[in-house]
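Chemist: Structure for the following, please:
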Amino acid sequence: MLLTLVKVAAPLFAIVALLVVNRVRRLPADFLGLQKPRLSVFLGWMVAWIAWVAVSEVIGRAVGQEPPRPWHYPAVVTALRILAIGIIGPIAEELVFRGVALYVLWRRLALPAWLAVLISAALWAVIHTQYDPITIAFIVADGIILGAARLHSKSTFTPIAMHVFGNFFSIYESLYGVPF
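Modeler: Sure thing, here's the model as predicted:
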């Protein structure tokens, strides 16, 4: 239970800290990317992401990727894990990696956009070292797609929604098994 509470508290703290720093320091609007994307761009990225999730699941199984571990937790722990992994975690990670990191790499360090996306994706994969190498490779690919969505939509709301969808798909697999 304590580990689950940390999984909720840590990303929640990160979100609050980033929002406070962003407001107090009056950082540029694209620092966190908290502007509303155009609906057509948002929907296009969501459709592409759903297709990617399906394709990556099929490829992952074909190359021996480990399926998500089944969850056997009490109801309150399951609910907190869904909150942490399905909502709060993706929001925090996207604000940090597709907001702050991408902004610093691209705008402040003036790296080419493709390189900034690649580096932020690699940095994001580093925090997921609990997974097998095949899953880490998919996480890097996910990070590249999420970064491209952030740059193209000019908003972190797009990769946040994509990330939430992907994590809820993984949660579904952990609760009910692999759907295909």
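
Chemist: Do a quick rundown of the helices in the chain.
Modeler: 2-24, 39-62, 75-83, 89-94, 102-103, 113-126, 133-153, 157-176 (DSSP state H).

Chemist: could you say what helices and strands the fifth one packs with?
Modeler: Right, the one you point to is helix 102-103. In terms of contacts (3 or more C-beta pairs under 8 Å, 6 or more residues apart in numbering; DSSP states H and E), helix 102-103 is packed against helix 113-126, helix 133-153. Quick note: C-beta positions are derived from backbone N, CA and C, even for glycine.

Chemist: do that again at 7 Å, thanks
Modeler: Using 3 or more C-beta pairs under 7 Å, 6 or more residues apart in numbering; DSSP states H and E, the elements in contact with helix 102-103 are helix 113-126.

Chemist: So what touches the helix it packs on?
Modeler: 93, 97-98, 101-102, 105-106, 136, 139-140, 143-144, 147-148, 151 (C-beta atoms under 7 Å, 6 or more residues apart in numbering).

Chemist: Out of these, the closest to residue 31 would be?
Modeler: Checking the contacts of helix 113-126 against residue 31 with C-beta to C-beta, the nearest one is residue 102 at 9.8 Å.

Chemist: circling back: just send the helices of the chain back as CSV, with mean pLDDT, mean neighbour count and distance to residue 33 too.
Modeler: Shown next, in CSV, are the helices of the chain (pLDDT from 0 to 100; neighbours: other C-beta atoms under 10 Å; distance: least, C-beta to C-beta, whole Å):
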stretch, mean pLDDT, mean neighbour count, distance to residue 33
helix 2-24, 94, 14, 10
helix 39-62, 96, 14, 13
helix 75-83, 96, 15, 23
helix 89-94, 98, 23, 9
helix 102-103, 97, 25, 8
helix 113-126, 97, 18, 12
helix 133-153, 97, 20, 6
helix 157-176, 96, 19, 8
